[in-house]
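**Student:** predicted model and sequence follow; I will ask about them next.
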Amino acid sequence: MKKVLGAVLAAVVGVCGRATPASAQEDPYAQARNLFEKGMADYKAGISWQQAREPDPAIRARNLEQAAKRFQTACPTLRESFRLDQRAEVLFNVARCEDAAGRVTTAAAVYDDYLALYHRLSVNEQDENEKKRETEAVSRREALEREMPRVVFKLPDTVPPGLRVTRRLDAPGAAGVPVEVAVGIPLPIDPGKHFVATEAPDRPRWETSFQVDPIRDPRQQREPKIIKLELAPPDPVRATRFSRPIEPVPNLLPPLDPGISAHRVAAYVTGGIGIVGLLTGAVTGAITWGQKGVVTANCQGLNTDQQICNATGQSAANTAKTLGVVSTATFIVGGVCLATGIILYVTEPTPSKLGAAPSRFSVGFNAAPDGAGAVTKWTW
């Protein structure tokens, strides 16, 4: 039993012992320190190859090639170290590495990031070594301003909406991810071979390459390089499939059901007023006729203007007189309106209706200074 327990304890201790180095390796700060040391070793080796003085041009070219290979691994390694542990010293050396590799515009941007980080450090963190780095960064950043090449991207006069212009640097150790760029203004750019592309909806991607030479003498002014961009022709398949919907064309044909016309409405309204007028005249006339018996029973005298009436007879006589005038007027107005409504109804033109046959009978009126007349028309 004791032997079994001892074997189990030994196995546990062995596993724990082997797990300890793995845990230490997974520590991001330990990884950052290891990457920083490796990146600095490659950077210093690249500087040594770069600064080696050789009179032979062939040997000098091989030295520069060796230096470039060192920088290819040094700069990404230092960037990864800074990602894991964002120390100002690491970022400063990333800028130095990019500068030594000849990517002066990228180096200027990293120097700017370092200076911004330096001003966020506490007083204790801004020690003597960090102050020396800050002084060197400011001096080198000012010098790089005169060493950065510049280009201007120019588009055609007419461009489609939604156009994007992207650029990427084709160089070992450089970020190959396309970045969107502005057009029409001078832009700082790293020396080397670049690719620029235009992308627009319903069009294929158009891409071209161009070479940017380093500035050998910063004291000489150099005009920005003009890069003329083009657009790929529209893809007929995509343009047809994904084009905007066709707007509806206004309907020029008569409606299938035109509905009631204003002419018909006027006929109905006028005829209705006429019918109401005739009914009003009939009712008031009947009331007037009914008052005649009351007047006869309560008034004496043959002449209506000289009759002598009591109060009941006088009231009936006044009512009959008033309603008689109303009955006459409403009869006249009602008759005229009813006749007008009938005329409007009869003379209404047949509305244009898709598939309907034209009217065969029509009635019209003609008026002239010497008279007026009605005109009827029958077609067959």
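**Tutor:** Great, that's in hand.

**Student:** off-centre distance for stretch 111-122?
**Tutor:** Relative to its chain's centre, stretch 111-122 lies at 38 Å (Cα atoms, centre = their mean, to the nearest Å).

**Student:** buried sites along that stretch?
**Tutor:** Buried residues in stretch 111-122, defined by neighbour count with 16 or more other Cβ atoms under 10 Å: 111, 113-115, 118. Yep, even glycine has a C-beta here, placed from its N, CA and C like the rest.

**Student:** contacts for that stretch next, please.
**Tutor:** Residues outside stretch 111-122 that contact it (Cβ atoms under 8 Å, 6 or more residues apart in numbering): 86, 88, 91-92, 95, 126, 130, 133-134, 137-138, 140-141, 144.

**Student:** which among the buried residues of stretch 111-122 gets closest to residue 317?
**Tutor:** residue 113 (113.8 Å; Cβ to Cβ).

**Student:** now the strand or helix carrying the closest one: average pLDDT?
**Tutor:** Secondary structure from DSSP states H and E places residue 113 in helix 104-118. For helix 104-118, mean pLDDT rounds to 94.

**Student:** I'd like the next helix or strand past it.
**Tutor:** helix 128-144.

**Student:** and that following helix, what does it pack against?
**Tutor:** Counting contacts by 3 or more Cβ pairs under 8 Å, 6 or more residues apart in numbering; DSSP states H and E, helix 128-144 is packed against helix 88-100, helix 104-118.

**Student:** kindly report the domain assignment for the protein.
**Tutor:** The chain breaks down into these domains under automatic domain parsing: 25-144, 150-239, 262-350.

**Student:** output stretch 161-169 as CSV, restricted to C-alpha atoms.
**Tutor:** What follows is stretch 161-169 as a C-alpha-only set of coordinates in CSV (Å, rounded to 0.1, in the frame of the first residue of the first chain):
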residue,chain,number,x,y,z
PRO,A,161,-20.7,56.3,-56.1
GLY,A,162,-19.2,54.0,-53.5
LEU,A,163,-15.7,54.0,-55.0
ARG,A,164,-12.9,52.8,-52.7
VAL,A,165,-9.1,53.3,-53.3
THR,A,166,-6.8,51.0,-51.4
ARG,A,167,-3.0,50.6,-51.3
ARG,A,168,-0.6,47.9,-50.0
LEU,A,169,3.1,47.7,-49.9
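
**Student:** in it, what's buried?
**Tutor:** Buried-residue list, stretch 161-169, by 16+ other Cβ under 10 Å: 165-169.

**Student:** ok so, going back, deepest in the core, which of the domains of the chain is it.
**Tutor:** Most buried of these, by mean neighbour count (mean count of other Cβ atoms under 10 Å): domain 25-144, with a mean of 17.

**Student:** what's the spacing between that one and its chain's center?
**Tutor:** That offset, for domain 25-144, works out to 43 Å (Cα atoms, centre = their mean).

**Student:** thinking again about what came up before, distance to residue 66 added to the helices and strands packed on helix 128-144, as a markdown table?
**Tutor:** As requested, the helices and strands packed on helix 128-144 are exported to a markdown table (distance: least, Cβ to Cβ, whole Å):
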| stretch | distance to residue 66 |
| --- | --- |
| helix 88-100 | 13 |
| helix 104-118 | 20 |
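
**Student:** now residue 342: how far from residue 334?
**Tutor:** From residue 342 across to residue 334, the span is 12 Å (Cβ to Cβ, to the nearest Å).

**Student:** contacting residues around residue 81?
**Tutor:** Residues near residue 81 by Cβ under 8 Å, 6+ apart: 31-33, 35-36, 39, 90.

**Student:** confirm that it sits in a helix.
**Tutor:** Yes. With DSSP: H, G, I helix; E, B strand; the rest coil as the criterion, residue 81 is assigned to a helix.

**Student:** which residues of the stretch 1-150 of the chain score low on pLDDT?
**Tutor:** Low-confidence segments of the stretch 1-150 of the chain (pLDDT under 70): 1-26.
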